[in-house]
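[1] I would like to see how this sequence folds:
(chains A and B)
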Amino acid sequence: MDETPFQMDTRGAFSMPENHKFDAGYGLTEETIDYICDAKGEPDWLRQFRKDALRKFNEMPMPYHWAPEGIRNVDFENFRYYLSHGATPSRNWDEVPEDMKRTFERLGVPEQERAFLAGVDAQYDSETAYTNMREELQKQGVIFVNSTEGLKEYEHIFRPWFGKVIPVGDNKFSALNHAAFSGGSFIYVPKGVKLTQPLQAYFRINSESMGQFERTLIIADEGAELMYMEGCTAPQYDSATLHSGVVELVALKGAKIQYVTVQNWSTNVYNLVIQRGLAMEDAEIRWIDCNLGSGLTMKYPAVVLQGRRARGEVVSISLAHSGQLQDTGARMIHAAPETTSNIVAKSISIGEGRASYRGEVKVLKGMKGCKNNTECDALLINPASRTDTYPAITVNGNASAVQHEASVSQVDEEMLFYLQQRGLTRAQAMSLAVNGFINDLVKEFPMEYSVELRRLIDLEMEDSIG
Amino acid sequence: MDFPQNMSMEDAFALAEAEAKLNAALQESKERFDKAEMPNRLNEDWRFGRPHVYAKEWAALFTHNENSFEQIRLENGGEAAARLTAEDDDLRQTEMLMPTIGSDALLALHLKSFGDGYALYIEEDTKEPIRLGYVTRSVCAPATFIMVAPGVKAEVDINYGCLESGAIFATCNVQVAEGAELRLRTHGHGESTGGRCMLITNIQNMGGKVAHLTSYEGLRWVREETVAEIYAAGSETKLFSANKLGGDAVLDQHTKQIHHVGGATSDLLYKNVLDDNATATFAGNIYVAPGAHNTDAYQSNRNLMLSEDATVNSLPGLEILADKVRCSHGSASGPMDEEQLFYLLSRGIPKYEAHQLIAEGFLHEAEEKFRS
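    Below is the predicted model of the structure:
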């Protein structure tokens, strides 16, 4: 197939030699937490907080009764909980240690920053290597730092919301993150400030058996607007790697937050992420989510619609190859009247891949005029591909309307035949058909990402036809 | 053991053997029940079900009470029907092997009380529907077996009546042979709101056409498990339910459409109208086994909400492990359509009656599709 216009994207598939100043070793105990706190120079309340969370984590059961089988293989003893070069990020690429700088250069992060971003946070294993933001934003009072710095410098804003959207005891992985969190972003956009360019975080796992527990808190004050993008890659190792982040969004009255993820972890990564937003009156939160990588992803971005007329949306694309299970979905909790939400999820299963949609929509008692619309579509490419849909919908009362539709289909043979007849190879025809399937969702991603996304999907497809 | 005086040696042996088998079966059921866990939210993949409302009470009821039927009725049975006895070993065996998508403890509980009901071996077209009625004032656990021979068209109505605070725990095993057609209607009702009903139905479609409709009224709570297993290409399986719930009624429905082979069609439509404090839970699943290509399977749950305090939980699920499958599911819950209401009101129909009319019309769809 030499005429193929597609190229293999191997930009993430490399690793740098390990060179850590801090290494907390394998397993998570109180000593590990002391080690992390000492390395980061954290206050006592936080140390205690982490230890309480650890106790909760040990007490809580794994969600075996509903979670996919693959989660039984997660062995918490076999991960390294803190690896870093130091807790202070650089503001200038020249100060970033050479191997990290080279990593991010190969991933194209500095280039993108110059081209179209308002700010970048680049995390390497447990700590942020680089954070920077355009100067004019700093003058407007926008805060964009990593979580360690956020808790240190802006405790008065960070702490009141810390663990409020996703409490420690929410589930086992939330407790785990509260105990071991490191890295991630803290963003505060002041009243009425509207960011025209997106902020970006890049998560990179370099070391073997790494556990990355980033923690992100984004607060958009009244009337503020921002878009945040997140990209993830890791090299392929034989041993498993765990990524278990917590992302909390708070959109105060009339604010708008868009959170974009393009996840392309290697298949040895367990991607178990908790993302939840709180939307107050007239606020809007959108999760735009794309899962291409990882061996097992369990990720259900949520919006708690807490204020009148708040709006939540989840747009999700996932692609499961052989050896991959994408268990993705969305949650919408309508906790105020006249709130609306929309979920559009599309999944593609290739080879022996399995893509599942798992969602929850809840309209609480007494909430009038709530509306939800959910659509999930699945595309099966090969005979051994698998897809599942597990929605859960709860409606209280007679003043809300909720609807859910799902469908499963294949690529139409006639369409493929038509395209092949016009000179395309079968792979190209299939690729075109798949791109057509997700076309309306890809448009939701920022321009630079959607180009990237199409390319990634092209080459993922290429392997599967033959 | 006392034998009748004029009994032959052989008959005496046969009787002794039957009794020993029965005791062994009872013992086995008891052990199975003791071993299995009662349903709770961790061991049933059926979130939002209400086992805490009924599980304990149910176990106590059927552990301490014997079957007590107020009435067992059969109409138009002809040669097809045979009354079940506790010694019916083959059928007991069938029941023991009955798959359950809920808690095994519940099925074991039923087996402990096994011993009455009907087996229908339908080998000729039925002119009138065969009607079965099971009525109790205390507790009863009837079992029904329906086998429809190849090419035969049959219609069966089963009625479960709970007088006062009666409790019925029924199972129904259905097997439909190639080219056969079965229309099965199941209706559970209570005279006040004290009755309780649990129904486990297993339909095995070997290449025929099956339509099944369930409906319940006037019961305090109902738990329904319906499984349709599809074993032959070209078969058609349709599941319907239409219920109007009021008061504090709880309805838990769990369904599974299992496509073991490809080229078959299944369709499900479950509709509820909810008033007052009623709660309805629907947990459905379509499973398309590996290699069951060219399957068409649909599932739809629709709920009409009439009161502010009614609750609906809907979990329509799909698990597709095959290719070239056309599958879809939908769930919608919402209030009454204002336009329909306005139309009726503008024609002078009082509000209360207009509500009733719209609710009836809403449920009528399931009934109509069942009949067609």
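[2] pLDDT below threshold where in the stretch 51-200 of chain A?
    A:87 (pLDDT under 70).
[3] same thing but 80
    A:85-89, A:106-109, A:111-118, A:129 (pLDDT under 80).
[4] need the helices for chain B, in chain order.
    Ranges of helices in chain B, per DSSP state H, are B:9-35, B:51-64, B:89-96, B:104-112, B:338-346, B:351-371.
[5] Any idea how many residues pack against A:K21?
    A:K21 has 12 neighbours, counted by other C-beta atoms under 10 Å in any protein chain shown. (C-beta placed from N, C-alpha, C; glycine too.)
[6] Surely it touches A:G86?
    Yes - the pair A:K21 / A:G86 is scored as a contact, 5.7 Å apart, by C-beta atoms under 8 Å.
[7] ok so, going back, deepest-packed of the helices of chain B, please.
    Among the helices of chain B, helix B:104-112 has the highest mean neighbour count (mean count of other C-beta atoms under 10 Å in any protein chain shown), at a mean of 21.
[8] who's in contact with A:G163?
    A:H178, A:E248 (C-beta atoms under 8 Å, 6 or more residues apart in numbering or on different chains).
[9] Make sure it is indeed in a helix.
    No - going by DSSP: H, G, I helix; E, B strand; the rest coil, the assignment for A:G163 is coil, not a helix.
[10] how far away is it from A:R50?
    Distance from A:G163 to A:R50, counting by C-beta to C-beta, to the nearest Å: 11 Å.
[11] between the two, what contacts are shared?
    A:H178.
[12] Present the helices of chain B as TSV; the columns should include distance to chain A.
    Compiled in TSV, the helices of chain B are given as follows (distance: least, C-beta to the nearest C-beta, whole Å):
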stretch	distance to chain A
helix B:9-35	19
helix B:51-64	13
helix B:89-96	26
helix B:104-112	15
helix B:338-346	11
helix B:351-371	11
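[13] Can you tell me which of these is nearest to A:P337?
    A:P337 sits nearest to helix B:338-346 of all these, at 17.7 Å, using C-beta to C-beta.
[14] by contact count, what packs against the closest one?
    With contacts defined as 3 or more C-beta pairs under 8 Å, 6 or more residues apart in numbering or on different chains; DSSP states H and E, the packing partners of helix B:338-346 are helix B:351-371.
[15] now the angle from the helix it packs on to helix B:338-346?
    120 degrees (axes from the mean of the first three to the mean of the last three C-alpha atoms, to 10 degrees).
[16] how's chain B carved up into domains?
    Per the record, chain B has its domains at B:27-335, B:337-372, by automatic domain parsing.
[17] Give me every residue in chain A lying close to chain B.
    A:65-66, A:365-366, A:378, A:380, A:382-410 (C-beta under 8 Å from any C-beta of the partner chain).
[18] Take the residues you listed and keep only those in strands.
    Cross-referencing the residues of chain A next to chain B against strands under DSSP state E gives A:378, A:380, A:386-396, A:401-410.
[19] Low-confidence ranges, the stretch 251-372 of chain B, go.
    For the stretch 251-372 of chain B, no range has pLDDT under 80.
[20] Excluding chain neighbours, what is closest to A:D221?
    A:K191 (4.5 Å; C-beta to C-beta, 6 or more residues apart in numbering or on different chains).
[21] can you tell me which residues contact the one you found?
    Counted by C-beta under 8 Å, 6+ apart, A:K191 has contacts A:D221, A:E222, A:G223, A:A224.
[22] May I have the phi/psi pair for it?
    phi -50, psi 130 (degrees, to the nearest 10).
[23] now do A:M367
    The phi/psi pair for A:M367 (degrees, to the nearest 10) is phi -90, psi 120.
[24] so which of the domains of chain B comes closest to A:K346?
    So among the domains of chain B, domain B:27-335 is nearest, using C-beta to C-beta, at 14.3 Å.
[25] got the end-to-end distance for that closest one?
    51 Å (C-alpha to C-alpha, to the nearest Å).
[26] For that domain, what is the distance to the chain centroid?
    1 Å (C-alpha atoms, centre = their mean, to the nearest Å).
[27] per-residue pLDDT, B:M1?
    According to the prediction, B:M1 has pLDDT 48.
[28] same question, A:M461
    66.
[29] what does B:I146 give?
    96.
[30] Could you do the one 4 residues further on as well?
    Here, the pLDDT recorded for B:P150 equals 96.
[31] next one: the one 10 residues further on
    The pLDDT attached to B:Y160 in the predicted structure is 96.
[32] burial count for it?
    Counted by other C-beta under 10 Å, the residues lying close to B:Y160 total 27.
[33] And A:N342, by the same measure?
    That count, for A:N342 with other C-beta under 10 Å as the rule, works out to 17.
[34] Quick one: list the elements packing against the helix or strand where it lies.
    Take DSSP states H and E as the rule and A:N342 turns out to sit in strand A:340-349. Here strand A:340-349 is seen to pack against strand A:302-305, strand A:311-320, strand A:325-334, strand A:354-363, strand A:371-380, strand A:386-396, helix A:426-442 when contacts are counted using 3+ C-beta pairs under 8 Å, 6+ apart.
[35] If we use 6 Å, what do you get?
    Using 3 or more C-beta pairs under 6 Å, 6 or more residues apart in numbering or on different chains; DSSP states H and E, the elements in contact with strand A:340-349 are strand A:311-320, strand A:354-363, strand A:371-380.
[36] tell me the angle the last one makes with helix A:426-442.
    Using the same axes, to 10 degrees, one finds that strand A:371-380 and helix A:426-442 are set 170 degrees apart in direction.
[37] beta partners of A:T128?
    Judged by DSSP bridges, the bridge partners of A:T128 are A:Q123.
[38] and the stretch 201-350 of chain B, which of its residues are near chain A?
    Residues of the stretch 201-350 of chain B lying close to chain A (C-beta under 6 Å from any C-beta of the partner chain) are B:305-308, B:311-315, B:317-321, B:323-325, B:327-335.
[39] among those, which are in strands?
    Cross-referencing those against strands under DSSP E gives B:305, B:311-315, B:317-320, B:327-335.
[40] re earlier: could you check how far the residue nearest to A:D221 is from A:E225?
    A:K191 is 11 Å from A:E225, by C-beta to C-beta.
[41] circling back: show me which of the residues of the stretch 201-350 of chain B next to chain A are buried.
    B:305-306, B:311-315, B:317-321, B:323, B:325, B:327-335 (16 or more other C-beta atoms under 10 Å in any protein chain shown).
[42] returning to what we had before: joint contacts of A:K21 and A:G86?
    Residues touching both A:K21 and A:G86 (C-beta atoms under 6 Å, 6 or more residues apart in numbering or on different chains): none.
[43] Could you give the bridge partners of the residue nearest to B:T126 when sequence neighbours are not counted?
    Leaving aside its chain neighbours, B:T126 sits nearest to B:A154 (4.8 Å; criterion: C-beta to C-beta, 6+ apart). Beta-bridge partners for B:A154, by DSSP bridges, are B:L182.
[44] Let me see the contact set for B:A154.
    Taking C-beta under 6 Å, 6+ apart as the test, what B:A154 contacts is B:I122, B:T126, B:V148, B:L182.
[45] May I see these organised as CSV, with neighbour count added?
    As requested, those are exported to CSV (neighbours: other C-beta atoms under 10 Å in any protein chain shown):
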residue, neighbour count
B:I122, 25
B:T126, 20
B:V148, 28
B:L182, 25
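[46] A:A122: which of those residues is nearest?
    Set against A:A122, the nearest of these by C-beta to C-beta is B:L182 (65.4 Å).
[47] pretty sure the closest one contacts B:V176?
    Yes - look at B:L182 against B:V176 with C-beta atoms under 6 Å: they come within range, at 5.1 Å.
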